[in-house]
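**Student:** fold the following for me, if possible:
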Amino acid sequence: MTVFILVPGMFTGPHVWDETAARLVAAGAEAHAVTLRGGDLEAHIADVLAVIDSVNGSEIVLVGHDYGIHPAVGAADRRADRIARIVHLDAGIPQDGVPALAAVPDQSLRARVAEQADGPLAPPANRDEWGRWGSTTGVA
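**Tutor:** Numbers count the residues shown, from 1 in each chain. Coordinates of the predicted model:
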């Protein structure tokens, strides 16, 4: 059975995968949305690893949306023997030594987040601002 592990972006949560997970399950797959609890990339990788380690499946597909591709790829590197595929959803290809923040296309938003680097990140002020981070527009 194919097992999909769905990793959300920075300012979303596992709830964004509800419809997708329901459709995958209806099609006969297993689906698990990850909650990114930690405060940094290493902690987020640990969150994804915990889900990988909790499932039994012959084919695990990691899906990373936006920032979520970074912990997905980090976890895949540590469990390469368990991962069949990685899907990038509105996400670039992470590069060694290039921080996830570099992928944020809006420079003013990137600067604002960089200023908050030592403290907790606050979500964008409103839903309209989410498009500055990435988009799932048109993705069923």
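
**Student:** just the C-alphas of stretch 61-70, formatted as PDB.
**Tutor:** C-alpha atoms of stretch 61-70 as PDB (Å, rounded to 0.1, in the frame of the first residue of the first chain):
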ATOM      1  CA  VAL A  61       5.700   9.100  -0.700                       C
ATOM      2  CA  LEU A  62       6.700  12.400   1.000                       C
ATOM      3  CA  VAL A  63       4.900  15.500  -0.200                       C
ATOM      4  CA  GLY A  64       6.400  18.800   0.900                       C
ATOM      5  CA  HIS A  65       4.400  22.100   0.300                       C
ATOM      6  CA  ASP A  66       6.400  25.300   0.200                       C
ATOM      7  CA  TYR A  67       8.800  25.300   3.200                       C
ATOM      8  CA  GLY A  68       7.600  21.800   4.000                       C
ATOM      9  CA  ILE A  69       9.900  20.400   1.300                       C
ATOM     10  CA  HIS A  70      12.900  21.300   3.500                       C
END
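
**Student:** buried sites along that stretch?
**Tutor:** 61-70 (16 or more other C-beta atoms under 10 Å). Just so you know, the C-beta spots here come from the backbone N, C-alpha and C atoms, and that holds for glycine as well.

**Student:** identify the residues contacting the residue nearest the centre of the chain.
**Tutor:** Among the residues of the chain, the smallest C-alpha distance to the mean C-alpha position (C-alpha atoms, centre = their mean) belongs to G68, namely 1.9 Å. G68 makes contact with 7-10, 34, 36, 91 under the criterion C-beta atoms under 8 Å, 6 or more residues apart in numbering.

**Student:** mind doing that once more with 10 Å?
**Tutor:** Each residue near G68 by C-beta atoms under 10 Å, 6 or more residues apart in numbering is listed here: 6-10, 12, 16-17, 34, 36, 44, 48, 62, 88-91, 100, 134.
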